[in-house]
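Q: Sequence first, then the predicted structure, then my questions.
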Amino acid sequence: MTEAEAKKKIQKLSEELHSHNTRYYVLDDPEISDQKYDALMRELESLEKEFPHLKSPTSPTQRVGGAPLDKFKKYTHHLPMLSLNNAFSEEELEDFDTRIKRFLKTTDEIEYIAEYKMDGLAVELVYERGKLWVGATRGDGVLGEDVTQNIKTVRSIPLAVPLELLGKFPKRLEVRGEIFMNAKDFKKLNEERQKSEEPLFANPRNAAAGSIRQLDSKITASRRLDFFCYGMGEADGKIFKSHWEMLHALKKYGFKINFTSQKCQGIKAVQKFYQEALEHREELAYEIDGVVVKVNDIQLQKRLGEIAKSPRWAIAYKFPALQETTFIKDIIVQVGRTGALTPVAVLEPVHVGGVEVSRATLHNQDEIDRKDVRIGDTVFIQRAGDVIPEVVKVVTSKRTGKEKKFKMPTHCPVCGSQAVQDPDEAIARCVGLACPAKLKESLIHFVSRHAMDIEGLGRQWIETMVDQKFIHHFSDIYKLTKEKVLALERQGEKSAQNLIEAIGASKKKSLEKFIFALGIRHVGENTAKLLAEHFQTLEKLMKATKEELEQIHEVGSVMAESIYDFFQDSKNVEEIKRLLAQGLSFTKTIKKSGVFSGKTFVLTGTLPTYSRDEAKKIIEGQGGKVSSSVSSKTDYVLVGTDPGSKLTHAKELGIQVISEDEFKKMVK
Ligand code: IVH
């Protein structure tokens, strides 16, 4: 790149970043994802590195946060609130460790503290003689906003230190941490805002920031914010040996620290913490966007110092984003196996959390209206776990006026039958008995992995077979022959043979899988299992009355009615008979009982003699369950050497912790 080109590019990137900064920090309403923002920032940083004399003192790379709003009094932090450099991969995390070792001229492993990176907003709380004096946002790191009134509404922030602790409490103490909103409260808030037609918040972080930066503290008070502290500013001469010691001092003073934080010997242990955090991120009550890694020893922190407003001794190891912005090319209507008509946004493909997403559900017309989603809109989309990606909100600032509103059709787009909406439901359903879309989706469900599990029989096969009228019922699948398959598609002998064999192999299945495969409304995998355990045979289930069904603990009246109606329908009964005539047979599902019946275990650390799988088998063999994370529902935590944060969590919740020896005794 020539210097002139670089100059132009730097200017363009700076302007873009300045404008995104304002939207993010000042208006709490960003229009691009954090990931895209980070990418722009990195591009600018690398250009400025290559052409250092083009770097302006007002470049976006030179600031830590956003300029404060005029609406609040300014507050000057006694010590600047630094920001963190980011790592996005294992290599970048290792580079961080290497840099530290090189700087300290050591080959010894470094002791780190790994903490969740809370996705909220950073604040500083100033206590004078044990009383909360000022609460301020970070602002640009030097100058923040005085939001004391609003901060005081956060219940987990102490307004004053208990008298008995006052003696030990520094005369002036600056506590730093993150204000955030729990996922549940965020969801509720957005639902309320939808109802009152107020703009939605894209995520809990914007909601928390928007709530703290309110002129009316009554509004802040109604928002249920929470707080974890993770550091100190000035501490009136108090000196701590380590970050860990400081965290525990804060805890003693009555502040909330995040108990999941962990001491890690060396960067490999940090890596493990990160993987576990990534695995459990969606089970948490709040959002985290990565892990913050800090050198524990404060002496070492001092030696390491800082560069460009970020400490050399800490880094934010970020998770892949679960939100992205993209463009809606079209809105189409999909017909599900129950005939439900669902509007789906066709997107400009985008990577979200490492997966390419090209469609997102819009749920129903009410949702489209409430969020005011139009064809041509730029939107935030979100993907969580296995859940179907959904449109979160429209970036209205990107509207050009050419966007088109969308209205759900009154008829099924596949078979043309009427679409009827039950007054109690938000969705319309196709009433067409012979709707090919319904048939295709039911068949796809029937053969899917958790149902009859016919390997190789995917969506494409089913669509062709239905379109060519080869299959009208589930049972037709079992009538397929190699010759028919070969005639249908340009297929090799071998794959046709494999398909026929897979179909044959699926004839023997557990009763629960078969019940699930039938696609009875409201009957998911769990209910199917309960029904199989309770009735033991298909005949008994088919004859069950509504009352009998309702006697099963987890089966409610709506579900009971749906199951009952399904087996009353003569068409369904005939189809089941046809399937049985094809030689389908079912194994019984036996309810496991044993010493751990109904108990939930969590495993952590390495056990002296059992592997994880062995322990799991024993627990399940005795009727228990193994869960991956500790919650109030956990009965026992089985702990080995090098336990993770689960042990701390269990102790906090008062859950019984047992060793392998104790476990063995219980089994005996
Ligand atoms: S430490 C010098 N620890 O991430 C260290 N920050 O860009 C400064 N954050 O502004 C921060 N969780 O808002 C630290 N456990 C944690 C954190 C955390 C979230 C935020 C904080 C900070 C930003 C870093």
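A: That came in fine, so what should we check first? Residues are numbered from 1 along each chain as shown.

Q: can we go C-alpha only for contacts and neighbour counts from here?
A: Noted.

Q: The ligand contacts on the chain?
A: Residues of the chain lying close to the ligand (C-alpha under 6 Å from any ligand atom) are 82-84, 115-119, 121-122, 178, 230, 292, 311.

Q: Please list all residues in contact with Lys509.
A: Going by C-alpha atoms under 8 Å, 6 or more residues apart in numbering, Lys509 touches Met452, Leu584, Ser585, Phe586, Thr587.

Q: 10 Å - rerun?
A: Ala451, Met452, Asp453, Leu584, Ser585, Phe586, Thr587, Lys588 (C-alpha atoms under 10 Å, 6 or more residues apart in numbering).

Q: Looking at those, which one is closest to Thr527?
A: Ala451 (13.0 Å; C-alpha to C-alpha).

Q: any idea which element Gly231 lies in?
A: Using DSSP states H and E, Gly231 sits in strand 225-232.

Q: Please name every helix or strand in contact with the helix or strand that comes right after that strand.
A: Elements were assigned by DSSP H and E; along the chain past strand 225-232, the next helix or strand is helix 243-252. Contacts defined by 3 or more C-alpha pairs under 10 Å, 6 or more residues apart in numbering; DSSP states H and E place helix 243-252 against strand 111-118, strand 225-232, strand 262-265, strand 288-295, helix 298-304.

Q: Helix or strand next in line after the helix or strand Lys8 falls within, which one?
A: Using DSSP H and E, Lys8 sits within helix 3-21. Once the chain leaves helix 3-21, the next helix or strand it forms, by DSSP H and E, is helix 34-50.

Q: what angle separates that next one from strand 288-295?
A: Orientation of helix 34-50 against strand 288-295 (axes from the mean of the first three to the mean of the last three C-alpha atoms, to 10 degrees) gives an angle of 40 degrees.

Q: quick one: buried residues of helix 34-50?
A: Asp34, Gln35, Tyr37, Met41, Leu44, Glu45, Leu47, Glu48 (16 or more other C-alpha atoms under 10 Å).

Q: Closest to the ligand out of those residues?
A: When the buried residues of helix 34-50 are compared for distance to the ligand (C-alpha to the nearest ligand atom), Asp34 wins out at 11.9 Å.

Q: Now do the same contact list for Val175.
A: Contact analysis of Val175 by C-alpha under 10 Å, 6+ apart lists 123-127, 135, 229-235, 250, 255.

Q: Name the SS class of it, please.
A: strand (DSSP: H, G, I helix; E, B strand; the rest coil).

Q: Also Ile381?
A: Counting by three-state DSSP, the backbone at Ile381 sits in strand.

Q: what's near enough to touch it?
A: For Ile381, the contact set (C-alpha under 10 Å, 6+ apart) comprises 33, 202, 322-327, 347, 350, 352, 357, 359-361, 389-394.

Q: Can you say which helix or strand has the residue of the chain most remote from its centre in it?
A: For the chain, the C-alpha lying farthest from the average C-alpha position belongs to Glu483; by C-alpha atoms, centre = their mean, that distance is 46.6 Å. According to DSSP H and E, Glu483 maps onto helix 482-488.

Q: export that helix as PDB, just CAs?
A: The C-alpha atoms that make up helix 482-488 are tabulated as PDB, following Å, rounded to 0.1, in the frame of the first residue of the first chain:
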ATOM      1  CA  LYS A 482     -32.600 -51.300  -4.000                       C
ATOM      2  CA  GLU A 483     -34.000 -51.300  -7.500                       C
ATOM      3  CA  LYS A 484     -36.500 -48.500  -6.700                       C
ATOM      4  CA  VAL A 485     -33.800 -46.400  -5.100                       C
ATOM      5  CA  LEU A 486     -31.600 -46.900  -8.200                       C
ATOM      6  CA  ALA A 487     -34.400 -45.900 -10.500                       C
ATOM      7  CA  LEU A 488     -35.100 -42.800  -8.500                       C
END
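
Q: What helix or strand is the closest residue in space to Asn182 that isn't next to it in sequence located in?
A: Using C-alpha to C-alpha, 6 or more residues apart in numbering and skipping the chain neighbours, the partner closest in space to Asn182 is Tyr286 (4.6 Å). If you go by DSSP H and E, Tyr286 is not part of any helix or strand.

Q: Please tell me how far Tyr286 sits from Ala208.
A: Relative to Ala208, Tyr286 is positioned 12 Å away (C-alpha to C-alpha, to the nearest Å).

Q: what's the overlap in contacts for these two?
A: With C-alpha under 10 Å, 6+ apart as the test, Tyr286 and Ala208 both reach Asp119, Gly120, Phe180, Met181, Asn182, Phe186, Asp226.

Q: nearest to Gly621, of those residues?
A: Out of the shared contacts of Tyr286 and Ala208, the member with the shortest distance to Gly621 (by C-alpha to C-alpha) is Asn182, at 36.9 Å.

Q: Double-check the closest one against Phe228; I have them as touching.
A: No: in this structure, Asn182 is not within contact of Phe228 by C-alpha atoms under 10 Å, at 11.9 Å.
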